[in-house]
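Trainee: Quick one, what's the 3D model for this:
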Amino acid sequence: TSDGGQLRMYLDSAHVESPCTARDTHEYIDVNPSNGKLLLFDSRMVHSVEEVLNENKIRRALTLWITRPEESGVSGEDYFMDISPSP
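Mentor: Prediction:
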């Protein structure tokens with residue numbers, strides 16, 4: 001939006017070693033803020049919140065980290081399996 005405040009997400013960046021590298025080498029998408037929107041994503045992805053450009057606009061965000069106990073036996077690779085439909 002022209003008011004700014006988008007969440008910028010760098011695609012396929014979950015395994016980069018430096019966030020600066022992802023900003024130079026990975027494509028990104030901007031997710032515009034809107035009322036009632038819930039966005040869930042892998043926090044390992046490089047992401048940033050762009051500046052709010054309109055001083056009369058307010059952006060609020062709630063951050064929640066959900067972790068699973070180590071003794072669950074589920075590793076990240078098993079947990080984030082590919083769920084795309086097979087051809």
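Trainee: so how far is L39 from S18?
Mentor: To L39, S18 is 24 Å away according to Cβ to Cβ, to the nearest Å. Placement of C-beta: from N, CA and C, glycine included.
Trainee: For the longest helix along the chain, what is the distance to the chain centroid?
Mentor: Of all the segments assigned as helix in the chain under DSSP state H, the longest by residue count is helix 19-25. A distance of 15 Å separates the centroid of the chain from that of helix 19-25, by Cα atoms, centre = their mean, to the nearest Å.
Trainee: May I have that helix exported as PDB, CA atoms only?
Mentor: Backbone C-alpha positions of helix 19-25 (Å, rounded to 0.1, in the frame of the first residue of the first chain) are rendered in PDB as follows:
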ATOM      1  CA  PRO A  19      20.000 -12.200   6.200                       C
ATOM      2  CA  CYS A  20      22.000  -9.700   4.200                       C
ATOM      3  CA  THR A  21      22.800 -12.400   1.700                       C
ATOM      4  CA  ALA A  22      19.100 -13.200   1.200                       C
ATOM      5  CA  ARG A  23      18.300  -9.600   0.600                       C
ATOM      6  CA  ASP A  24      20.800  -9.500  -2.300                       C
ATOM      7  CA  THR A  25      20.100 -13.000  -3.800                       C
END
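Trainee: who's in contact with L11?
Mentor: Contact analysis of L11 by Cβ atoms under 8 Å, 6 or more residues apart in numbering lists H26, E27, Y28, I29, M45.
Trainee: What pLDDT is listed against V46?
Mentor: According to the predicted model, the pLDDT of V46 comes to 90.
Trainee: Give me the phi and psi angles of the nearest residue to L39 once chain neighbours are set aside.
Mentor: Spatial nearest neighbour of L39, chain neighbours left out: V31 (6.2 Å); criterion: Cβ to Cβ, 6 or more residues apart in numbering. Summarising the backbone geometry of V31 under the convention degrees, to the nearest 10, its torsions are phi -100, psi 120.
Trainee: Would you mind measuring from V31 to A61?
Mentor: 11 Å.
Trainee: which of these two has more neighbours?
Mentor: For the pair V31 and A61, the greater number of neighbours falls to V31 (14 against 9), based on other Cβ atoms under 10 Å.
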